[in-house]
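Asks: Only the shape, not the letters, is given here:
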């Protein structure tokens with residue numbers, strides 16, 4: 001088997017890992033043509049990132065090649081993961097996409113063995129569902145990222161609409177957690193113009209303040225502690241909320257938390273949400289979506305996805 005990685009894509013996404021298995025070959029974009037005898041491609045992320053428009057012809061080529069393509073992305077469970085440490089690194093690998101709705105992972109009905117290893121290695125504790133908290137937490141995402149490809153319309157407007165709808169269902173405080181890239185690159189002053197009776201606080205700075213936190217405010221775990229519910233379009237942080245036992249509301253089916261989360265803000269009208277999602281099989285299946293460098297090097301993950309021996 002021969003799987004081609006386009007060098008320019010992996011060069012831009014330098015934090016990703018090309019497996020050291022003999023099936024993988026790195027080639028320059030100017031070497032790619034119809035006469036190649038490869039069986040598949042591998043790429044990082046998917047077409048649509050605003051920061052990488054110049055790569056779109058490469059992504060289009062792969063998508064239109066009529067050959068299967070593997071997509072690498074950050075892990076589904078990121079707690080305890082450190083891509084700089086090979087012993088703590090994990091990468092998601094899917095077929096045709098990395099998202100829950102469009103990716104193929106061949107992981108339905110997976111056994112618990114991988115999850116048991118991951119939760120011990122990354123020290124992930126699955127806590128009982130909680131029904132109380134001090135505020136509603138909204139997780140913002142990087143507006144340039146492909147995780148928002150399914151969003152129709154302006155992301156700032158989506159945030160405004162979510163805040164306004166929350167105020168219809170509850171008068172609780174709202175905490176908005178900024179994405180680190182959102183802080184550095186985008187003007188968030190529009191948040192000050194959202195008129196609702198709820199008290200709005202931005203994680204790391206009070207609404208109306210000109211203080212601009214450099215790292216998104218408090219650690220994510222601190223933001224989760226006081227949350228009664230967590231809302232996002234498709235943020236990976238929803239998975240962590242689910243593990244912490246906090247009711248999650250995922251607004252798009254691309255989210256890996258989709259099977260174990262609510263999809264409407266109406267549930268916020270319940271002061272004590274009685275969350276009854278069964279998480280065990282979801283955890284087992286997700287564990288078969290992310291792999292260590294050694295596992296990727298072994299060839300098992302890509303052969304499992306491509307269904308080859």
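Replies: Perfect, I can see it now. The shown structure was predicted, so the numbers you read here are calculated from the model rather than taken from an experiment. Numbers count the residues shown, from 1 in each chain.

Asks: now the helices: where do they sit in the stretch 101-250 of the chain?
Replies: Using DSSP state H, counting those that start in this stretch, the helices assigned to the stretch 101-250 of the chain run over residues 113-121, 155-169, 180-185, 220-225, 237-243.

Asks: Make JSON lines out of those and add mean neighbour count, mean pLDDT and distance to residue 134.
Replies: Bear in mind the C-beta positions are built from the backbone N, C-alpha and C, glycine included. Shown next, in JSON lines, are the helices of the stretch 101-250 of the chain (neighbours: other C-beta atoms under 10 Å; pLDDT from 0 to 100; distance: least, C-beta to C-beta, whole Å):
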{"stretch": "helix 113-121", "mean neighbour count": "16", "mean pLDDT": "95", "distance to residue 134": "27"}
{"stretch": "helix 155-169", "mean neighbour count": "17", "mean pLDDT": "94", "distance to residue 134": "14"}
{"stretch": "helix 180-185", "mean neighbour count": "16", "mean pLDDT": "66", "distance to residue 134": "23"}
{"stretch": "helix 220-225", "mean neighbour count": "16", "mean pLDDT": "89", "distance to residue 134": "9"}
{"stretch": "helix 237-243", "mean neighbour count": "24", "mean pLDDT": "95", "distance to residue 134": "15"}
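
Asks: Those helices: which one's closest to residue 285?
Replies: For those, the distance to residue 285 is smallest for helix 113-121, at 8.7 Å, taking C-beta to C-beta.

Asks: where does the closest residue to residue 240 other than its chain neighbours land on pLDDT?
Replies: Spatial nearest neighbour of residue 240, chain neighbours left out: residue 79 (5.8 Å); criterion: C-beta to C-beta, 6 or more residues apart in numbering. Residue 79 is assigned a predicted lDDT (pLDDT) of 86.

Asks: For residue 79, give me the backbone phi and psi.
Replies: Phi and psi for residue 79, reported as degrees, to the nearest 10, are phi -60, psi 130.

Asks: for residue 151, same thing?
Replies: Backbone torsions for residue 151, taken as degrees, to the nearest 10, come to phi -70, psi 130.

Asks: re the thing from before, right, so of the helices of the stretch 101-250 of the chain, which gets closest to residue 139?
Replies: When the helices of the stretch 101-250 of the chain are compared (using C-beta to C-beta), the closest one is helix 237-243, at 4.6 Å.

Asks: what does the closest one contact?
Replies: For helix 237-243, contacts defined as C-beta atoms under 8 Å, 6 or more residues apart in numbering pick out 76-79, 124-127, 137, 139, 177, 220, 224, 227, 230, 232, 247-248, 250, 255-257, 260-261, 277, 279, 286.

Asks: Distance from it to the middle of the chain?
Replies: Put simply, helix 237-243 sits 10 Å off its chain's centre (C-alpha atoms, centre = their mean, to the nearest Å).

Asks: got the contact list for residue 140?
Replies: By C-beta under 8 Å, 6+ apart, the neighbours of residue 140 are 159, 176-179, 182, 232, 235.

Asks: Identify those among those residues that sit within strands.
Replies: The strands, defined by DSSP state E, take in 176-177, 232 from the contacts of residue 140.

Asks: which one of these is nearest residue 189?
Replies: Of those, the one sitting nearest to residue 189 (C-beta to C-beta) turns out to be residue 176, at 13.0 Å.

Asks: what pairs with the closest one across the strands?
Replies: residue 138, residue 202 (DSSP bridges).

Asks: Count the neighbours of it for me.
Replies: 24 (other C-beta atoms under 10 Å).

Asks: give me the low-pLDDT residue ranges for this structure?
Replies: Where the chain drops to pLDDT under 70, the residues are 12-15, 47-51, 86-87, 181-186, 204-218, 309.

Asks: who touches the residue with the shortest distance to the centre of it in this structure?
Replies: Nearest to the mean C-alpha position of the chain, by C-alpha atoms, centre = their mean, lies residue 236 at 3.4 Å. Residue 236 is in contact with 74, 76, 78, 147, 256, counting by C-beta under 8 Å, 6+ apart.

Asks: residue boundaries of the strands in the protein?
Replies: 3-6, 24-27, 40-44, 69-74, 91-95, 135-139, 173-177, 200-202, 205-206, 227-232, 248-250, 290-291.

Asks: Throw those strands into CSV and include distance to residue 269, thanks.
Replies: CSV is the format used below for the strands of the chain (distance: least, C-beta to C-beta, whole Å):
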stretch, distance to residue 269
strand 3-6, 49
strand 24-27, 51
strand 40-44, 41
strand 69-74, 34
strand 91-95, 35
strand 135-139, 12
strand 173-177, 15
strand 200-202, 19
strand 205-206, 27
strand 227-232, 11
strand 248-250, 12
strand 290-291, 35
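
Asks: Okay then, goodbye and thanks.
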